[in-house]
Structures are given as structure tokens and as C-alpha cells.
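# structure, please.
(one chain, ligands or ions: 2)
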Amino acid sequence: PGGGRVFSGIQPTGVPHLGNYLGALENWVGLQNQYPSVLYSIVDLHSITQPQDPALLRSNILDMAASLLACGIDPERAILFQQSQVSQHAELSWILGCLTSMPRLRHLPQWKMKSKVKKEGSVGLYTYPVLQAADILLYKSTHVPVGEDQVQHLELAQDLARVFNNRYGDLFPEPSALLSSTRKVKSLRDPSAKMSKSDPQTMATIAITDSPDDIALKVRRAVTDFTSEVTFDPETRPGVSNLVTIHAATAAIGVEEAVCRARGMDTAAYKTLVTEAVVQRLTPIREEIRRLRGDRAHLEAVLARGALRARELAAPVLQEVRQRVGF
Ligand code: ADP
Ligand code: NA
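Ligands and ions are numbered 1, 2, ... in the order given. Next up, the predicted model:
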């Protein structure tokens with residue numbers, strides 16, 4: 001389609017945190033108006049690379065659907081769907097896997113990280129970048145919003161588009177990365193690390209469903225330093241700078257403006273201001289998630305319709321792939 005097609009996926013890990021929202025989902029919402037064709041997938045096939053509780057997975061999928069809708073994903077403008085409901089993802093993944101050499105996979109940074117941590121890891125834990133490539137190429141996507149940490153995985157998708165096109169004739173466009181302009185949100189307890197759902201410290205991460213009291217407590221406990229003035233200098237003052245980042249992003253102002261509004265405040269007083277900005281931003285989202293969680297039939301209907309529309313796009317592409325491969 002003229003103007004391009006956007007694809008992105010998020011794992012159903014339950015309710016997103018503030019870093020996911022400011023670093024990815026807010027950007028997803030904006031892209032709905034900028035591109036004629038947009039697909040967002042809850043990538044549940046990626047969630048079973050490690051042992052998974054089926055009941056929890058099922059409820060996490062619905063929680064993620066509710067969260068995406070509450071954050072502003074509009075199923076009229078974006079195709080919102082659950083990856084496993086479109087079987088073509090798995091099928092294309094196998095075909096692309098057969099075009100991927102082991103050294104190419106081993107070259108990816110995630111491989112090294114995971115082989116250090118999980119000696120007994122599943123095959124899927126190592127080959128999921130191929131599935132990611134299939135997710136993207138299945139729709140002939142041209143633009144993929146990614147975090148910096150995922151750029152090398154997108155490069156695999158680009159490589160596989162080229163490899164397939166060379167072997168079987170031009171079919172896939174080479175997708176390009178859309179990097180989010182938002183700075184990484186850091187852990188509130190350790191501002192040298194990013195805010196992450198895998199952080200065991202509950203005080204380090206703000207969930208988008210946190211109550212105003214929880215948010216106030218977490219921001220109050222956020223690590224700062226011994227200087228009371230508010231300045232933005234991520235290198236030497238990562239803690240207070242993270243608060244400025246969060247303030248600026250949630251209040252939709254620039255970093256300079258955020259520092260300006262903090263003039264004359266010490267960091268303790270500034271934390272109250274940051275709390276207000278976060279609470280104001282998250283309150284409508286939190287309320288909408290609660291409402292949607294109570295309407296499971298609606299969530300399932302949105303996902304069913306999304307899967308139907310995704311399959312309509314995927315089926316002819318996979319048909320063409322099969323024919324080229326010789327099936
Ligand atoms: P997590 O690190 O919590 O496991 P994911 O890796 O699942 O989060 O990331 C989902 C999306 O959210 C990605 O696009 C990623 O770049 C973005 N993201 C995750 N954590 C942050 C953060 N702390 N700040 C900004 N963006 C983030
Ligand atoms: Na992660």
C-alpha cells in the first residue's frame with residue numbers, strides 16, 4: 001500500500017509499565033494516524049519459549065488487550081490481534097528458519113545473553129528472532145517501531161527478506177526501523193538500569209494500573225542524590241534526571257520546560273509535581289482498563305475481528321510464499 005505498513009508486537013506479560021507506555025505504546029497510538037495500514041499484535045507465541053502457566057497466559061492476553069485499547073489503540077484504525085490466532089506466523093517462521101544459518105542466529109546478542117542464563121533453554125528461546133522476522137514479513141510490513149535493543153533483530157528480518165527475494169524472486173520489502181524518540185525510563189530504585197517488568201523490586205517499576213497512592217509512594221522512594229536542586233544531567237545525576245524524563249514525557253512538555261517548572265523546588269517537592277503529572281496521565285487509562293477487564297466478551301470480539309482482518313492480509317502472502325518455495 002502507498003505510504004507503508006506498520007507492524008509491531010508486544011508480549012502478553014500482563015499490564016504494561018510506565019516505560020512500555022512512554023517508550024513504545026504512546027508512539028504506537030501516534031502511528032495509527034500517520035500510516036494507512038497498521039497492525040499491532042499480542043505476540044503470545046513468543047510467550048511460550050519459557051515455561052508458562054496456561055491460565056495466567058490466557059488472562060495476560062486479555063489484560064494486554066485491555067491495556068492497549070485503554071492506551072488509545074483504536075481497532076478501527078489499527079488491526080489489533082493475537083498472534084497465535086493467525087497460524088500463518090508459525091508457518092512462515094518455519095520457512096524462514098530454513099533460510100537462516102546457525103552462525104547468523106548465534107551472532108545475535110540475545111543468543112549470547114540467553115545461553116549464559118539458561119543452559120537448558122528451549123529451541124524457541126534461541127530461534128524466536130526468526131519468528132519475529134516472520135511476524136513482520138508476513139504482512140510485507142515496511143516500518144517497524146522498535147526499541148534500540150531490538151534493532152539487531154530487525155536486521156535479521158531485513159536479511160531474511162533479502163535472502164528470500166534472492167532465492168525465490170522479489171516478494172518482501174525490506175522493513176525499516178522507527179525508533180521511538182522517547183528517552184528510556186529508568187528503574188526508580190536503580191537509575192543505571194531501565195525500568196523493566198522483570199525487575200523483582202516492586203518499588204522500581206510503575207504499572208500503568210498503579211493507584212495514585214502507589215505512584216506517590218514509589219516516586220517518593222525514588223533514588224536521587226545529595227543535591228537538592230533539580231537539574232537534567234543523566235550522566236552525573238541519573239536519578240533526578242529520570243524523574244525529569246518521566247515528568248516531561250507524562251506532561252507532554254520538553255525536558256527544559258520540566259526543569260523550568262521545578263525552579264526553586266528541592267527534589268522532595270519536585271517528587272510531588274512528578275507524581276501529579278504521572279497520576280494525571282495514568283488515571284483515565286487505569287479506569288478504562290478496569291472497565292474493559294469487566295467486559296471479557298468485548299475484548300474477545302475485538303481480538304476475533306482483528307485476527308480475521310490479519311488473516312485476510314496474511315493468507316495471500318503465504319500462498320505466494322508456498323508457491324515460490326514449491327509446495
Ligand atoms: P521489559 O523490559 O519490561 O521486558 P519489553 O522488553 O517487553 O519490556 O519491551 C516492550 C516495549 O517497551 C519495547 O518496545 C521496549 O523498547 C519498550 N520499553 C521497555 N522498557 C522500557 C523503558 N524502561 N523505557 C522505555 N521503553 C521501554
Ligand atoms: Na525485555
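
# and stretch 273-292, does that touch ligand 1?
No: using C-beta under 6 Å from any ligand atom, we find that stretch 273-292 stays clear of ligand 1, coming within 14.0 Å at best. Yep, even glycine has a C-beta here, placed from its N, CA and C like the rest.

# near ligand 1, which residues of the protein?
10-11, 19-20, 22-24, 147, 184-185, 194-198.

# tell me how far stretch 277-291 is from the chain's mean position?
Chain-centre distance of stretch 277-291: 19 Å, with C-alpha atoms, centre = their mean, to the nearest Å.

# next, the buried residues of it.
A277, V278, V279, R281, L282, I285, R286, E288, I289 (16 or more other C-beta atoms under 10 Å).

# got the contact list for stretch 42-51?
9-13, 57, 60-61, 64-65, 68, 80-84, 89-90, 118, 121-122, 124-125, 128, 131-132, 135, 303 (C-beta atoms under 8 Å, 6 or more residues apart in numbering).

# how long is that stretch from one end to the other?
This stretch, stretch 42-51, spans 18 Å end to end (C-alpha to C-alpha, to the nearest Å).

# ok, now stretch 9-19?
Start-to-end span of stretch 9-19 (C-alpha to C-alpha) is 16 Å.

# same check on stretch 17-35?
26 Å.

# can you map out the helices along the chain?
18-20, 26-31, 54-71, 88-97, 102-106, 109-117, 123-137, 151-168, 212-220, 238-251, 255-261, 267-293, 296-325 (DSSP state H).

# contacts for the shortest one, please.
The list of residues contacting helix 18-20 from outside it, by C-beta under 8 Å, 6+ apart, reads 10, 184-185, 194-197, 205-208, 246, 250, 278, 282.

# could you redo the last one with a cut-off of 6 Å?
Contact with helix 18-20 is made by V185, M195, I206, as judged by C-beta atoms under 6 Å, 6 or more residues apart in numbering.

# of the buried residues of stretch 277-291, which is the nearest to A222?
The closest of the buried residues of stretch 277-291 to A222 turns out to be V278 (C-beta to C-beta; 11.1 Å).
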